[in-house]
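[1] I'll drop the sequence and a predicted model, then ask my questions.
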Amino acid sequence: MRILFKNIKQLLQIRGPEVRKIAGADMSELPAIENAFLITENERIAEFGPMTEIPNVNADLEVDATGKMILPAWCDSHTHLVYAGNREKEFVDRIRGLSYEEIAERGGGILNSARQLESTSEEDIYKQSSRRLKEIMRLGTGAVEIKSGYGLSSEAELKMLRVIKRLATSYPIEVKATFLGAHAIPEPYRDQPDKYVDLICDEMIPKVSEKGLAEFIDAFCEKGYFSAEQTKKIMKTGKAYGLIPKIHVNQFNSIGGIQASIETKALTVDHLEVMTDQDFMDLERSEVMPVALPSCSYFLSIPYTPAREMIDRGMALAIATDFNPGSTPSGNMNFAVSTACIKMRLTPEEAINAATINGAYAMNLSHSLGSVTRGKFANLILTKEIPSYGFLPYAFGSNLIDKVMIRGEFLPQE
Ligand code: NIG
Ligand code: FE
């Protein structure tokens with residue numbers, strides 16, 4: 001199947017195949033071709049350039065993109081979109097004055113989702129999660145990372161990871177799986193958290209690895225959850241089994257999670273709403289990519305990650321949704337991109353870089369996704385007619401997407 005797009009107002013995020021991530025001042029550039037054509041062949045991007053150089057090809061389908069833009073589909077590198085039920089009641093509790101932490105202390109939060117997951121069949125979890133996956137594809141996401149972490153027992157964690165695998169094989173969107181057994185201390189281990197860490201290291205990680213159910217390993221390094229020492233132990237064990245660390249750090253407190261992540265050569269550190277001077281200094285000297293989750297700060301009314309300062313200090317940055325039932329019940333990357341601009345003062349160019357090529361890097365996918373590059377998968381957003389790409393973050397709340405293509409095929413219209 002060969003598809004030819006003609007008269008594209010702007011073709012965005014054009015990169016050479018060697019580009020894996022963009023950092024610092026370079027993030028303010030978004031390479032583009034005005035009045036462009038693009039050809040996809042089967043699953044991949046085959047050719048593109050200015051309309052003046054359009055080749056003579058026999059296309060199976062021609063799309064006139066007059067007034068419209070094409071950019072890579074969003075790469076959402078941090079979600080928990082496999083879960084059961086919802087936490088709408090906690091949302092109302094927070095409106096009435098309780099904090100996320102207070103709700104968790106009363107047995108709500110992650111443990112609430114774990115109870116709901118426990119009593120829901122694998123088939124039903126799959127159905128509920130499929131709906132969310134289809135929704136984010138329609139919203140322009142072409143690659144997504146999904147974590148376990150609402151199981152908190154060997155059996156239930158494996159159940160979650162099997163659902164993630166089934167989603168990965170049932171839908172064209174690229175899905176990467178992360179094992180997050182260390183998401184919270186389950187009730188039976190409340191007074192002996194180290195025993196739960198032992199269970200993760202001695203039983204869960206070997207099983208996850210043996211069954212090939214995850215590529216990454218994560219932990220919620222936070223007061224009341226997992227200490228930096230426990231996080232390091234889990235990451236080191238995970239690495240010994242071939243899993244790559246990607247870690248929740250500094251959401252509410254700075255307790256050494258960044259340093260633990262650097263020491264264990266994590267691919268990313270995610271959240272970072274609370275940053276000390278030392279955290280900044282250590283992170284900017286490392287290769288670890290920070291991932292900001294603006295929709296989570298929005299929903300919980302907690303501080304925003306100091307993403308502006310990170311970029312100004314020369315760091316690379318990705319943005320992701322954190323789609324989960326407790327802190328971010330939204331997988332809308334368009335909203336995350338807007339919020340990064342509005343609340344974190346990223347420019348549209350920076351936010352689009354953070355949500356495409358850098359998001360792909362944050363999932364080990366930037367060799368095949370995240371930019372308009374010959375040979376990469378044709379995972380693309382065709383916008384509606386818009387005056388400029390800055391309208392994507394500017395007109396927040398509007399749906400400016402006309403069509404989404406994943407692996408060279410348009411998603412069916414609703
Ligand atoms: O990234 N911080 C830890 N994990 C999730 C929230 C999970 C939940 O509340 O269910 C997050 O915000
Ligand atoms: Fe998260």
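    Alright, I've got the coordinates. Since the structure is predicted, the reported quantities are computational estimates derived from the model, not experimental observations. Ligands and ions are numbered 1, 2, ... in the order given.
[2] Now do the same contact list for the closest residue to ligand 1 within the chain.
    In the chain, no residue comes nearer to ligand 1 than residue 326, which is 2.3 Å away by Cβ to the nearest ligand atom. For glycine as for every other residue, the C-beta is placed from the backbone atoms N, C-alpha and C. Neighbour list for residue 326: 87, 90, 100, 109, 110, 112, 113 [criterion: Cβ atoms under 8 Å, 6 or more residues apart in numbering].
[3] And for residue 334?
    74, 139, 140, 392, 396, 399, 400, 401.
[4] Of those residues, just say which sits nearest to residue 226.
    residue 74 (29.2 Å; Cβ to Cβ).
[5] does that closest one really touch residue 356, like I thought?
    Yes. Taking contacts as Cβ atoms under 8 Å, residue 74 lies within contact range of residue 356: 6.7 Å.
[6] packing partners for the helix-or-strand element of the chain with minimal mean pLDDT?
    Using mean pLDDT, DSSP states H and E, helix 100-105 stands out as the lowest-scoring helix or strand of the chain, at a mean of 92. Here helix 100-105 touches helix 88-95, going by 3 or more Cβ pairs under 8 Å, 6 or more residues apart in numbering; DSSP states H and E.
[7] does ligand 1 sit close to the helix it packs on?
    No. Helix 88-95 stays out of contact with ligand 1 when judged by Cβ under 6 Å from any ligand atom, the minimum separation being 8.5 Å.
[8] So which bits of that helix are buried?
    90, 93, 94 (16 or more other Cβ atoms under 10 Å).
[9] just stretch 309-318 next, same as before
    When burial is assessed from 16+ other Cβ under 10 Å, stretch 309-318 yields the following buried residues: 310, 311, 315, 316, 317, 318.
[10] any residues touching the least confident helix or strand of the chain, and which ones?
    So helix 100-105 is contacted by 90, 93-94, 109-111, 184, 224, 252, 300, 302, 326-327 (Cβ under 8 Å, 6+ apart).
[11] Next up, the contacts around the spatially closest residue to residue 216 that is not a sequence neighbour.
    Nearest residue to residue 216 in three dimensions, chain neighbours excluded: residue 178, at 3.9 Å (Cβ to Cβ, 6 or more residues apart in numbering). Contacts of residue 178 were listed using Cβ under 8 Å, 6+ apart, and they are 145, 146, 147, 148, 214, 215, 216, 217, 218, 246.
[12] Buried only: go through those residues for me.
    145, 146, 147, 148, 214, 215, 216, 217, 218, 246.
[13] So the fifth one, which state does it fall into?
    Following DSSP: H, G, I helix; E, B strand; the rest coil, residue 214 is assigned to coil.
[14] quick one, what contacts residue 379?
    Residue 379 neighbours (Cβ under 8 Å, 6+ apart): 72, 73, 142, 143, 173, 174, 369, 405, 406, 407.
[15] Using the three-state scheme, assign the closest residue to it other than its chain neighbours.
    Among residues not flanking residue 379 along the chain, residue 142 sits closest, at 3.2 Å (Cβ to Cβ, 6+ apart). Following three-state DSSP, the label given to residue 142 is strand.
[16] so what pLDDT did residue 237 get?
    pLDDT recorded at residue 237 is 98.
[17] Tell me the spacing between the residue nearest the centre of the chain and residue 393.
    Centroid-nearest residue in the chain: residue 77, 2.2 Å away (criterion: Cα atoms, centre = their mean). Using Cβ to Cβ, to the nearest Å, we find residue 77 at a distance of 19 Å from residue 393.
[18] Residue 73: what's its closest spatial neighbour, skipping adjacent residues?
    Here the residue nearest residue 73, using Cβ to Cβ, 6+ apart, is residue 142, at 2.7 Å.
[19] Quick check, residue 77 in contact with residue 366.
    No. Using Cβ under 8 Å, residue 77 is not in contact with residue 366, being 10.5 Å away.
[20] Please enumerate the shared neighbours of these two.
    By Cβ under 8 Å, 6+ apart, the residues touching both residue 77 and residue 366 are residue 360.
[21] Name the surrounding residues that touch stretch 295-313.
    Stretch 295-313 is contacted from outside by 24-25, 27, 94, 100, 251-252, 271-275, 280, 283-284, 290, 292-294, 317, 319, 321-322, 327-330, 332, 335-336, 339-340, 343-346, 350, 354, using Cβ under 8 Å, 6+ apart.
[22] hmm, which of the residues you listed are the buried ones?
    Going by neighbour count (16+ other Cβ under 10 Å), these have 24, 27, 94, 100, 251-252, 271-275, 280, 283, 290, 292-294, 317, 319, 321-322, 327-330, 332, 335-336, 339-340, 343-344, 346, 350, 354 buried.
[23] Please flag which of those sit within strands.
    271, 290, 292, 319 (DSSP state E).
[24] any idea how far residue 159 is from residue 10?
    Counting by Cβ to Cβ, the gap from residue 159 to residue 10 is 45 Å.
[25] rewinding a little: let's have the buried residues of stretch 309-318 in JSON lines, adding distance to ligand 1 and pLDDT.
    Shown next, in JSON lines, are the buried residues of stretch 309-318 (distance: Cβ to the nearest ligand atom, whole Å; pLDDT from 0 to 100):
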{"residue": "310", "distance to ligand 1": "18", "pLDDT": "98"}
{"residue": "311", "distance to ligand 1": "22", "pLDDT": "98"}
{"residue": "315", "distance to ligand 1": "20", "pLDDT": "98"}
{"residue": "316", "distance to ligand 1": "20", "pLDDT": "98"}
{"residue": "317", "distance to ligand 1": "17", "pLDDT": "98"}
{"residue": "318", "distance to ligand 1": "14", "pLDDT": "99"}
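[26] can you redo the residues you listed as a markdown table with distance to residue 46?
    Output for these, formatted as a markdown table (distance: Cβ to Cβ, whole Å):
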| residue | distance to residue 46 |
| --- | --- |
| 310 | 36 |
| 311 | 33 |
| 315 | 34 |
| 316 | 29 |
| 317 | 31 |
| 318 | 27 |
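[27] Can you tell me which of these end up in helices?
    310, 311 (DSSP state H).
[28] Of the buried residues of stretch 309-318, which is the nearest to residue 191?
    Out of the buried residues of stretch 309-318, the member with the shortest distance to residue 191 (by Cβ to Cβ) is residue 318, at 37.3 Å.
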